[in-house]
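> Sequence first, predicted coordinates after that:
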Amino acid sequence: MKSIGVLLSLIVSASAGSSAFGQSWDQSYAPTSDYGVAVLQPSNNHPKVNGVVRRVDMASQKITLKHDEIPNLGMGEMTMTFAVPEMSMIHGLSRGDRVQFQADEVEGVLTVIWIEKQ
Ligand SMILES: [Cu+2]
């Protein structure tokens, strides 16, 4: 039971930290990363997009995806690199994996805010 208490307090503190990042993020889910971006559950405000992993760069915490259209970013299909707010999001992913993900521009940086292996 003690560990559950610790986990809950971590979630509460992570949620509190996200408030500095403005109104644009859906605040209804937790936990969030240090960047105030949800990473474990999909956002309600972003479309899910299909992609294929081209490269995982753990050192610079980036992922290169060949992606379908991303309506919220006005992007067509292409291959490009995204920042990843949480290392755990790309742990276990490798080249060739099919994924679903959500992306947005976070403080000027194109960022994967949720990703799941298919
Ligand atoms: Cu793109």
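Everything's here; your move.
> Tell me where the protein has strands.
For the chain, applying DSSP state E gives strands covering 49-57, 62-67, 78-83, 98-106, 109-117.
> Sort out which residues of the fourth one are buried, please.
If I follow you right, that is strand 98-106. Across strand 98-106, burial judged by 16 or more other CB atoms under 10 Å covers 99, 101-104, 106. For every residue, glycine as well, the C-beta is placed using N, CA and C.
> Relative to the ion, which of these is nearest.
The ion lies nearest to residue 103 out of those, by CB to the ion, at 7.8 Å.
> pretty sure the closest one is touching residue 73, no?
Yes: if you go by CB atoms under 8 Å, residue 103 and residue 73 touch, sitting 6.2 Å apart.
> Can you pull the residues that touch both of these two?
Residues within reach of residue 103 and of residue 73 at once, by CB atoms under 8 Å, 6 or more residues apart in numbering, are residue 110.
> can you list the strands of the chain in a markdown table and add mean pLDDT and distance to the ion?
What follows is the strands of the chain, written out as a markdown table (pLDDT from 0 to 100; distance: least, CB to the ion, whole Å):
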| stretch | mean pLDDT | distance to the ion |
| --- | --- | --- |
| strand 49-57 | 97 | 9 |
| strand 62-67 | 98 | 6 |
| strand 78-83 | 98 | 4 |
| strand 98-106 | 95 | 8 |
| strand 109-117 | 94 | 7 |
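> among the ones you listed, which is nearest residue 92?
For residue 92, the closest of the strands of the chain is strand 109-117, at 7.3 Å, according to CB to CB.
> Just list what that closest one packs against, helices and strands only.
strand 62-67, strand 78-83, strand 98-106 (3 or more CB pairs under 8 Å, 6 or more residues apart in numbering; DSSP states H and E).
> angle of the second one against strand 62-67?
Just to be clear, that refers to strand 78-83. Angle, strand 78-83 to strand 62-67, by axes from the mean of the first three to the mean of the last three CA atoms, to 10 degrees: 150 degrees.
> Please render the buried residues of strand 98-106 as CSV that adds distance to residue 116 to the earlier fields.
As requested, the buried residues of strand 98-106 are exported to CSV (distance: CB to CB, whole Å):
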residue, distance to residue 116
99, 6
101, 7
102, 10
103, 13
104, 16
106, 19
